[in-house]
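1. Have a look; sequence and predicted model below, questions after that.
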Amino acid sequence: AGRKSVLRKWPTRLRNRTAEESRYCTERLLKSSFVVETQPSMPQGKGPLVLRTNVQFSVKTRLLVKFPELNHSMKVVVSMERETPHIKGYRRFNVLGTITKALNMVESQSGGMVADFRHLNLKEQKSGGSGKGVSDIPLSVTEELHVICFDTVFELKGLSVGLQASSLPVVIISNSSQQQSAWASILWFNMLSQDTKDLMFFANSPAATWPQFGEMWSWQFLSATKRGLNDAQLEMIAHRLFGNQMNYDTCTVAWSKFSKEYTPDTFWVWFDGILVMVKTFLEDLWREGLIMGFVSKGKEKSLLKKKQSGTFLLRFSESVIGGITFSWV
């Protein structure tokens, strides 16, 4: 009662301002609590964020705050990006499947409320006219970035707030042969982009510094095999890219050099072929540190030169994709 009497004594302007600020903070809190928890992914995909038309994918959203009275009543609707880049040939898609689900506490094991979409797929729209203001910037299919959006409305005790969330940019392919190139785009974007909504990123992609690049390579191996790359292995990769340097930290790699320049294959195709081979056939040996792998021919000879008879070394081929060579004395 005492607190209420104090509030009644506040000037009306102050009470109104306090109420407005309280409402503003509540709305901000609610909007930031609606998130994409699990990014879009296909069951047999190379990695998340690479989707294929007419192939099912899943994605999970979560409201981080639990409201028992709203269980099963807040409907989440899925759609594609609201604004698409004005680029000639840029594809547009429709989301098909169960595109509306209710946030619920049953599927949530760690608090909040979840809407888990497990049976979505994408269908390309029929292309229309180019229209005005369309850019002629050439982007390949695997350089096109798209965003999947999620909308719901929070309504409780007179408060109504529209909530929106969106996935990280995805690459949409139409053929499984495009998966490798699409995954390269996802890696590059997430390594370098400062804006997770920049769908024009590949129109003018920045270069990666060697420290960034090397960390990404090591993470790829760590993620796939639970063992990353050591300094000697990273140095061999740097030497292959930049030649002999006193310090590689100032060297940079352009997007084109990473995934477009064929000599005879792109650097990414060479590296990914090794990763797939190790993951498929040699994961245990790699994890135990028994494969040096990234060793140049010159280094291989110097390492084996003074070793006793019977010593051998496993080295990844620099000319055969996914190949490994055995050298011994």
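-> Looks like it came in fine.
2. any residues touching the longest helix anywhere in the chain, and which ones?
-> The longest helix of the chain (DSSP state H) is helix 12-33. By CB atoms under 8 Å, 6 or more residues apart in numbering, the surrounding residues in contact with helix 12-33 are 7, 10, 63-65, 112, 154, 159, 161, 163-164. Just so you know, the C-beta spots here come from the backbone N, C-alpha and C atoms, and that holds for glycine as well.
3. Just the ones in strands from those residues, please.
-> The members of the contacts of helix 12-33 that map onto strands under DSSP state E are 63, 154, 159, 161, 163-164.
4. which one among the residues you listed gets closest to residue 226?
-> Distance to residue 226, by CB to CB, is smallest for residue 63 among those, at 33.3 Å.
5. in the stretch 151-300 of the chain, which spans are helices?
-> Assigned by DSSP state H, counting those that start in this stretch, the helices in the stretch 151-300 of the chain fall at 179-192, 210-225, 231-242, 255-259, 267-281, 283-287, 297-304.
6. circling back: could you pull out the buried residues of the longest helix of the chain?
-> Residues of helix 12-33 classed as buried by neighbour count (16 or more other CB atoms under 10 Å): 27, 30, 33.
7. Of the contacts of helix 12-33, grab the buried ones for PyMOL.
-> Only the buried entries of the contacts of helix 12-33 go into this PyMOL selection, using 16+ other CB under 10 Å:
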select buried, resi 63+64+112+154+161+163
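8. Can you tell me which one of the buried residues of helix 12-33 sits lowest on pLDDT?
-> In terms of pLDDT, the lowest of those is residue 27, showing 90.
9. CA-only coordinates of stretch 308-325, as PDB, when you get a sec.
-> Listed next in PDB are the C-alpha coordinates belonging to stretch 308-325 (Å, rounded to 0.1, in the frame of the first residue of the first chain):
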ATOM      1  CA  GLN A 308      67.200 -46.000 -40.100                       C
ATOM      2  CA  SER A 309      66.100 -48.500 -42.600                       C
ATOM      3  CA  GLY A 310      62.400 -49.200 -42.400                       C
ATOM      4  CA  THR A 311      61.300 -45.700 -41.500                       C
ATOM      5  CA  PHE A 312      58.400 -44.500 -43.600                       C
ATOM      6  CA  LEU A 313      56.300 -41.300 -43.900                       C
ATOM      7  CA  LEU A 314      52.800 -40.600 -45.100                       C
ATOM      8  CA  ARG A 315      52.400 -37.500 -47.300                       C
ATOM      9  CA  PHE A 316      49.400 -36.000 -48.900                       C
ATOM     10  CA  SER A 317      49.700 -35.900 -52.700                       C
ATOM     11  CA  GLU A 318      50.100 -32.400 -54.200                       C
ATOM     12  CA  SER A 319      48.900 -33.500 -57.600                       C
ATOM     13  CA  VAL A 320      46.200 -36.200 -57.000                       C
ATOM     14  CA  ILE A 321      43.000 -35.000 -55.300                       C
ATOM     15  CA  GLY A 322      42.500 -37.100 -52.200                       C
ATOM     16  CA  GLY A 323      45.700 -39.000 -52.700                       C
ATOM     17  CA  ILE A 324      48.400 -40.100 -50.200                       C
ATOM     18  CA  THR A 325      51.900 -41.300 -50.800                       C
END
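10. from the middle of its chain, how far away would it be?
-> 32 Å (CA atoms, centre = their mean, to the nearest Å).
11. What ranges in the stretch 1-150 of the chain fall below the confidence cut-off?
-> Low-confidence segments of the stretch 1-150 of the chain, defined by pLDDT under 70: 1-10, 15, 128-135.
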